[in-house]
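**Student:** Predicted model follows, preceded by the sequence.
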Amino acid sequence: MDTLTSLGNGLGVALQPVNLLVCFAGVFIGTLIGVLPGIGPLGAIALLLPSTLYVSPVSSLIMLCGIYYGAMYGGSTTSVLLNIPGEAASVVTCIDVIRWRSKVGRARRSGSQRSDRSSAEPSAFSFWRSWRRRSPGSPSGSGRRSSSP
């Protein structure tokens, strides 16, 4: 029962309006700093550590956590939009984005109406449509039916 009381007390402190405002400010500033390629979350915390000196200790820790998570999000933004990893954790995202962009590019070239949606997850309709296009005699299933018998 003591654990639940401590958990409720911690949530009460974290959900105070001042602490929520400080967290929002930390996430916003951390995202702005994290978008810069080459500056990761730890670099953002090191740059913005002096901004927490004149705040209470609880609010400064909440702000530092917001800066960290905002900088992580900002680093993934540069890896998706610019294909430049801002930190080591975003390298795999850069590799995956190349595949995602090629799928979206193929959908736009074919005139598909699903090009504005994410093509990373297949739907039952897209599976059925690709299965229907296969020619019965073609072993590869590449799709074009020949006009000659």
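**Tutor:** Perfect, thanks for sending it. Numbers count the residues shown, from 1 in each chain.
**Student:** if I pick residue 89, what's in contact with it?
**Tutor:** 40, 72, 75 (CB atoms under 8 Å, 6 or more residues apart in numbering). Any C-beta I mention is one placed from the backbone N, CA and C, and that applies to glycine too.
**Student:** Now do the phi/psi pair for the first one.
**Tutor:** Backbone geometry at residue 40, expressed as degrees, to the nearest 10, gives phi -90, psi -170.
**Student:** Next, count neighbours for the spatially closest residue to it that is not a sequence neighbour.
**Tutor:** Excluding its sequence neighbours, the residue lying closest to residue 40 (CB to CB, 6 or more residues apart in numbering) is residue 87, at 3.6 Å. For residue 87, the count of nearby residues is 21 (other CB atoms under 10 Å).
**Student:** Just to check, residue 87 is in contact with residue 37?
**Tutor:** No - judged on CB atoms under 8 Å, residue 87 makes no contact with residue 37 at a distance of 9.1 Å.
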